[in-house]
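Undergrad: got a sequence here, can you model it:
(2 chains, ligands or ions: 2)
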Amino acid sequence: MKILVTVKLVPDTTADKRIDPATKQLVRSGVETVLNPFDEYAIEAGLQLKEKIGGDTTVTIVTMAPESGKEIVRKALAMGADDAIMISDPKAEGSDVWGTAYALAQAIKKNGFDLVLCGTQSTDSITGELPGALAEFLGVPGITHARKLEVEGTTVRAERETDNGYAKVTADLPLLVSVTKSMNTPRYPALKGIMGAKKKTIAIASLADSGVDKPVGHEGARTELIDLVSPPTRGKGEVFQAADAVAGATKIIEFLRERKLV
Amino acid sequence: MKTLAPIPHVDPLDPLALDDALDPDVRLVRDTVRDFVRSRILPEVGGWFEAGTFPRSMPRELGSLGLLGMHLEGYGCAGASATAYGIACRELEAGDSGLRSFVSVQGSLAMYPIHAYGSEAQKTTWLPRLATGEAIGCFGLSEWDYGSEPTGMRTTARTRGDGYVIDGTKAWITSGGIADVAIVWAHVDPQPGTPATGSDVRGFVVPTDTPGFTTRNIERKLSLRASVTSELVLADCYVPASAMLPGVRGMRGPLSCLNEARYGIVWGVVGAARACYEAALAYATTRVQWGKPIAGFQLTQEKLANMALELQKAQLLASHLGRLKDADTLAPAHVSFGKLNNVREALAIAREARTILGASGITLEYPIMRHMNNLESVLTYEGTSEIHTLIIGQALTGLAAFS
Ligand SMILES: Cc1cc2nc3c(=O)[nH]c(=O)nc-3n(C[C@H](O)[C@H](O)[C@H](O)COP(=O)(O)OP(=O)(O)OC[C@H]3O[C@@H](n4cnc5c(N)ncnc54)[C@H](O)[C@@H]3O)c2cc1C
Ligand SMILES: Cc1cc2nc3c(=O)[nH]c(=O)nc-3n(C[C@H](O)[C@H](O)[C@H](O)COP(=O)(O)OP(=O)(O)OC[C@H]3O[C@@H](n4cnc5c(N)ncnc54)[C@H](O)[C@@H]3O)c2cc1C
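TA: Ligands and ions are numbered 1, 2, ... in the order given. This next block holds a predicted model:
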């Protein structure tokens, strides 16, 4: 079985982020790049399936990102993925959801797949739209926000998180599943995995190599970012000076009552 | 007009960006161990230290990460570089020196001698199980009466039938009470007037369930409390001839193992010192006296600046020794430079950091005093600071001030 996991490279989630007002792009220089933390759950799901199904099951990482991110991708290989495909092309720069999904779909189709696993969202653009768009371009069913996943033969059973519980769904391979954080705990890459990852292949492909036959990137973008506005900065909190604990507690209760919070 | 390049950012936790020079795979090792320490060790280690316990599950957890014997090749070991091993020691000891001590003893003092000097049977019997943490190893060299001068050890192995009978008591043995196998060093069939060179010393791979082998844990320690330290008593303890390490004779055996472990300490203490510095920095920027953070006072800044300076110098020294070790050009005296300087400076950093936290600094709520106490052991074991001074002295002058 061929499992492909889509992985985005994002700026370190703990770092301060800055938008360049001229390009309206995230400033990426000087900020460490990491695997999108949400995607580590998808990688873990793929590895667990591989361990369970065995045989010739493979887990391949797919990402669209500049070639400079190659060593970051290696972490996914150190966790246990077999190999990786990187779509790295200057012409991919500025891709919107449509372009990213289209390019990934073409590369994935070219490689062949039974199951595509995605995270539910990235930590930088956070649209959460890519998995749906990707399933559409691949022409397969998409089960999004899965918290549980089982594969038996060609049948996939999953539990989708909903606002007030979960829905049990089944579908046949090939298909796409996006994985939520409640599915598993991503493993640490162990030492042997890290050593072994040095010998694994990360295939760098241009858009043309990947079979992308329509313009993506800035040229192909179907959406235009008109403006970026920072959220209003929060005002300073109110500091109460209370004479003693009872007076302090009374003040807090009053404050909460006024706002109908208790 | 030439535009000026932006001034690079200075990260207070790695001011000279020394980690930027690490290879990507070494950085992955760092991140793996750091994450493990942050999520698994730091929330609990204060409690382990207070209770004086080393959690029973820890060997397997460390084994599943591949950290046990990680710098050895084959037999289930990862075969990582010396620099990667160093980074792992650094990040483990940023958690606790007891944790790093366990890993040092397992990998460098128990697995290394089997790997370097063992028979094929010894290797296949022990190395894979030691690598996963399924089995625990310890290293018995020191005795109550012979510490810095191990050549004087009283433990003997006398030929009997097809094997040897070992008699003696080993003291201060890390992991002794929880070990499945002990590397025990002994004089073999000593003749009256033991050779001063210890040329009759051999190593034995002794399963701890061998009849005549008992242990007693050393209690009431104020240092390395999250680590087991024990006495090993071998009384009429018979082992077959195949228990002897065939590949080495004389003090070169135990000393070469110590050299491996000392190398890990050079890196490890950088982690302990960094943890103290980080805690002091965080405290200083939030603790307010006279209406401003104490980090704003010049005296505090001098402390922080000096700590950062020594921390970075210690890291440079460790990295340099790592490069020498990876190039196979590391001499024992080189390691003495590293151990002497880095443990001494780590202790100084811990003490300085403690002052910044005032009263809070003496509690287990903060890591500093725990590290400070631990570092007292690290200063003593694997060659005291005095002994490393003498090794350097001998290397510089050609004159041995100790024999
Ligand atoms: C400053 C800025 C400007 C932008 N301008 C536009 C714009 O004008 N129009 C527009 O439509 N979008 C724009 N974007 C969004 C950007 O193009 C998206 O990053 C991209 O389309 C992916 O969507 P997402 O990150 O929201 O992914 P999500 O849908 O949140 O991610 C879900 C999952 O999809 C997968 N995934 C996402 N991206 C990749 C990838 N590159 N490689 C492999 N897998 C991936 C991962 O598995 C991820 O967990 C902008 C983003 C920024 C930061
Ligand atoms: C927590 C802990 C764990 C340990 N784990 C192990 C282990 O796993 N295996 C093992 O074999 N050992 C272990 N040791 C023992 C350790 O290696 C010894 O404590 C160390 O070698 C020093 O020996 P000593 O304590 O007998 O001190 P001594 O050798 O008695 O030294 C006392 C003092 O005299 C100084 N001194 C000695 N000789 C000279 C000289 N020629 N010139 C100047 N000064 C000198 C020393 O530097 C020291 O300051 C451990 C010790 C500790 C504290």
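
Undergrad: in chain A, which helix has the most residues?
TA: Using DSSP state H to define each element, chain A has its longest helix at helix A:37-53.

Undergrad: which residues of the stretch 1-150 of chain B fall in helices?
TA: For the stretch 1-150 of chain B, the helices defined by DSSP state H, counting those that start in this stretch occupy B:24-36, B:42-51, B:58-64, B:82-95, B:97-104, B:112-117, B:120-132.

Undergrad: so for chain A, which of the ones you listed sits nearest?
TA: helix B:24-36 (3.7 Å; CB to the nearest CB). Every residue, glycine included, has its C-beta placed from N, CA and C.

Undergrad: tell me which strands the worst-scoring helix or strand of chain A on mean pLDDT pairs with, and in which orientation.
TA: Lowest by mean pLDDT, DSSP states H and E among the helices and strands of chain A is strand A:25-26, with a mean of 72. Here strand A:25-26 has these sheet partners by DSSP bridges: strand A:19-20 (antiparallel).

Undergrad: how about the strands in the stretch 151-262 of chain A?
TA: Counting by DSSP state E, counting those that start in this stretch, the stretch 151-262 of chain A has strands at residues A:155-162, A:165-172, A:175-179, A:202-205.

Undergrad: and the shortest one, which strands flank it?
TA: Pairing partners of strand A:202-205, with direction, according to DSSP bridges: strand A:83-87 (parallel).

Undergrad: same thing with the first one?
TA: Using DSSP bridges, the strands paired with strand A:155-162 are strand A:142-152 (antiparallel), strand A:165-172 (antiparallel).

Undergrad: now the last one and strand A:175-179, what's the angle there?
TA: Between the direction of strand A:165-172 and that of strand A:175-179, the angle (axes from the mean of the first three to the mean of the last three CA atoms, to 10 degrees) works out to 150 degrees.

Undergrad: what's the separation between residue A:106 and residue A:39?
TA: 20 Å (CB to CB, to the nearest Å).

Undergrad: now stretch B:59-79, how far from the centre of its chain.
TA: 16 Å (CA atoms, centre = their mean, to the nearest Å).

Undergrad: and it, end to end?
TA: From its first residue to its last, stretch B:59-79 covers 19 Å (CA to CA, to the nearest Å).

Undergrad: that one vs chain A: in contact?
TA: Yes: against chain A, stretch B:59-79 shows contacts by CB under 8 Å from any CB of the partner chain at B:64, B:65, B:66, B:67, B:70, B:78, B:79.

Undergrad: in the stretch 51-200 of chain B, which residue sits closest to chain A?
TA: The minimum distance from the stretch 51-200 of chain B to chain A, using CB to the nearest CB, falls at residue B:66 (2.9 Å).

Undergrad: burial measure for that residue, as a count.
TA: Residue B:66 has 26 neighbouring residues, counting by other CB atoms under 10 Å in any protein chain shown.

Undergrad: try residue B:246
TA: By other CB under 10 Å, 14 other residues sit near residue B:246.

Undergrad: and ligand 1, is stretch A:106-126 touching that?
TA: Yes: legend: contact between stretch A:106-126 and ligand 1 by CB under 6 Å from any ligand atom is shown at A:118, A:119, A:121, A:122, A:124, A:125, A:126.

Undergrad: ah, wrong one, I meant stretch A:44-54
TA: No: Stretch A:44-54 stays clear of ligand 1 (CB under 6 Å from any ligand atom), getting no nearer than 11.3 Å.

Undergrad: pull the residues that contact that stretch.
TA: A:1, A:3, A:5, A:57-59, A:79-81, A:115, A:117, A:149, A:151, A:177, A:179, A:183-187 (CB atoms under 8 Å, 6 or more residues apart in numbering or on different chains).

Undergrad: what subset of the residues of stretch B:59-79 next to chain A is buried?
TA: B:65, B:66, B:67, B:70, B:78 (16 or more other CB atoms under 10 Å in any protein chain shown).

Undergrad: tell me which two of those residues sit farthest apart.
TA: Pairwise distances across those peak at 9.6 Å for B:65 and B:78 (criterion: CB to CB).

Undergrad: which residues do the two both contact?
TA: Joint contacts of residue B:65 and residue B:78 (CB under 8 Å, 6+ apart) are A:190, A:191.

Undergrad: residues from the stretch 51-200 of chain B in reach of chain A?
TA: Applying CB under 8 Å from any CB, we find that the stretch 51-200 of chain B lies next to chain A at B:64, B:65, B:66, B:67, B:70, B:78, B:79, B:80, B:84, B:88.

Undergrad: okay, those in a markdown table with distance to residue B:291 and pLDDT next?
TA: Output for those, formatted as a markdown table (distance: CB to CB, whole Å; pLDDT from 0 to 100):
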| residue | distance to residue B:291 | pLDDT |
| --- | --- | --- |
| B:64 | 50 | 95 |
| B:65 | 47 | 95 |
| B:66 | 51 | 96 |
| B:67 | 47 | 97 |
| B:70 | 50 | 97 |
| B:78 | 53 | 93 |
| B:79 | 56 | 94 |
| B:80 | 50 | 96 |
| B:84 | 47 | 97 |
| B:88 | 44 | 98 |
